[in-house]
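Asker: Take this sequence and fold it.
(one chain, ligands or ions: 1)
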Amino acid sequence: MKPKIAVIGAGVIGLSTAINIENLIPGCDITIIADKFEKDTTSIGAGGIFRPTEKAIPGVPADVIRRWSQDTWDFFSKLALSDLGSTTGHIVMPGYIFSQEKIENPIYEDVIFSCRELSQKELTKLNMAQYRHGYQLTSIIVQMSKYLPWLMEKFVRNGGKILKRKVNDLKVFAGGPYDVVVNCTGLGSKELVQDKNIHPVRGQLIRLEAPWINFWIYTDHGAYVLPNAEFVAIGGVRQDGRSDLAVDAEDRKGILERCYNLWPPLKGGKIIGEWVGLRPSRTPLRLEKESIPLPGGVLKIVHNYGHGAHGITLSWGTSLEAARLVKEMLYGSVHAKL
Ligand SMILES: Cc1cc2nc3c(=O)[nH]c(=O)nc-3n(C[C@H](O)[C@H](O)[C@H](O)COP(=O)(O)OP(=O)(O)OC[C@H]3O[C@@H](n4cnc5c(N)ncnc54)[C@H](O)[C@@H]3O)c2cc1C
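Answerer: Model prediction:
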């Protein structure tokens, strides 16, 4: 009999997990169940920069973060360097990080296309002498408005099914119809599995029409500039515990001030949109299997949520691991290679 699997959640984590399950368990019957899709998810609004760091998720060992980052990079760079890149939204883009602290990040050096520290002379030439450190990197930016629909289409083309519905309690799945249920609900896990550790970290960004900006910038003081083929996203804020979704005028003022100071040519850009999203943050993120014996039968769950500010960067790697855990739950650990 074909194994039946449900993936709850249709953000970048749910879609990537569902596709990795399709790849790892060919012929399985798989359904994505979610109450929000594409434009209503957090994933759609992310700046989309691949920016791995060993300290991305507190509580996750550096070698594990490195593996998830590397697996995501392998997938993203294959797309970006192929003729698919313009369809999936993966763009190779040079950029800068400016900071007061020295950044020791072996993942930058080993994984992304290129990374080197700038000299004081170079910082001065860029009008960035106020920063003690600067780095020039070439990474990948993912335009999420292209990537999410592409993932969805790929999932459906492989035979996957979609169900639009809110799940209020995973226990309804005890005893069937699914052999394994995969929880990729991000912040939804607060209610769905009563997880007190998951919390929102609010972000706000402004979308500019500024096609002359063709490199990205990241700083350690709440200013970033992330262009894609559609617009330039400038931000941002990181407000722990705040969960209102309306655009805040004070936040807008602060973002514009910081970003215009950082890179004055941005002032020529036309504001074409604003967006607020809630990073699903958890220390550490939850990527594990769980079996719950219930009167109706054993409920087998794989959890994959809580990626915080790094959900795009870690998406493919964590989803690959979640798919391996699903296979292990179906067939035992002999089949799984973690
Ligand atoms: C301003 C901002 C900028 C960001 N920039 C970057 C960046 O540059 N690089 C990077 O790596 N990351 C970035 N991130 C982080 C990234 O966006 C998130 O980590 C990622 O999108 C989380 O994906 P997800 O699939 O877990 O959650 P979501 O996209 O929120 O998806 C959750 C899914 O679960 C479903 N769901 C929830 N509860 C239920 C339920 N009970 N029943 C049915 N369905 C349910 C929802 O409907 C939805 O489909 C940014 C985030 C923000 C806010």
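Asker: State the number of residues packed around the closest residue to residue 210 other than its chain neighbours.
Answerer: Residue nearest to residue 210 in three dimensions, not counting chain neighbours: residue 269, with 3.2 Å by CB to CB, 6 or more residues apart in numbering. In short, each C-beta sits where N, CA and C put it, glycine included. Residue 269 has 21 neighbouring residues, counting by other CB atoms under 10 Å.
Asker: Could you pull up the residues touching residue 269?
Answerer: Applying CB atoms under 8 Å, 6 or more residues apart in numbering to residue 269 gives the contacts 208-210, 213, 232.
Asker: Of those, which count as buried by neighbour count?
Answerer: 208, 210, 213, 232 (16 or more other CB atoms under 10 Å).
Asker: which residues does the first one contact?
Answerer: It refers to residue 208. Residue 208 is in contact with 231-234, 266, 269-272, counting by CB under 8 Å, 6+ apart.
Asker: Identify all contacting residues around the longest helix seen in the chain.
Answerer: For the chain, the helix that runs over the most residues, judged by DSSP state H, is helix 62-80. With contacts defined as CB under 8 Å, 6+ apart, helix 62-80 is touched by 50, 52-57, 85, 88, 90-92, 106-107, 111-113, 140, 142, 313-318, 320-321.
Asker: next helix or strand past it?
Answerer: The C-terminal neighbour of helix 62-80 among helices and strands, as given by DSSP states H and E, is helix 85-88.
Asker: Just the CA trace of that following helix, in CSV.
Answerer: Only the C-alpha atoms of helix 85-88 are listed here, as CSV (Å, rounded to 0.1, in the frame of the first residue of the first chain):
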residue,chain,number,x,y,z
GLY,A,85,16.9,30.7,-12.2
SER,A,86,14.7,33.3,-13.9
THR,A,87,11.6,31.2,-13.3
THR,A,88,12.3,30.2,-9.7
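Asker: Could I get the average pLDDT for that helix?
Answerer: Within the predicted structure, the mean pLDDT of helix 85-88 is 93.
Asker: what comes into contact with the following helix or strand past that helix?
Answerer: Next along the chain after helix 85-88, taking DSSP H and E as the criterion, comes strand 90-99. Outside strand 90-99, the residues that touch it by CB under 8 Å, 6+ apart are 49, 76, 79-81, 84-85, 103, 113, 118, 123, 126, 128, 131-143, 147, 214-220, 227-229, 262.
Asker: near the ligand, from those?
Answerer: By CB under 6 Å from any ligand atom, the members of those lying near the ligand are residue 49.
Asker: How about the residues of the stretch 151-300 of the chain by the ligand?
Answerer: With CB under 6 Å from any ligand atom as the criterion, the stretch 151-300 of the chain meets the ligand at residues 166-167, 184-186, 188, 192, 203, 205, 235-236, 277, 279-280.
Asker: Among those residues, which has the minimum pLDDT value?
Answerer: Of all those, residue 236 carries the smallest pLDDT score, 90.
Asker: Double-check that residue against residue 225; I have them as touching.
Answerer: No. The pair residue 236 / residue 225 is not scored as a contact, 10.2 Å apart, by CB atoms under 8 Å.
Asker: Residue 50 against residue 138, yeah?
Answerer: No. Judged on CB under 8 Å, residue 50 makes no contact with residue 138 at a distance of 10.6 Å.
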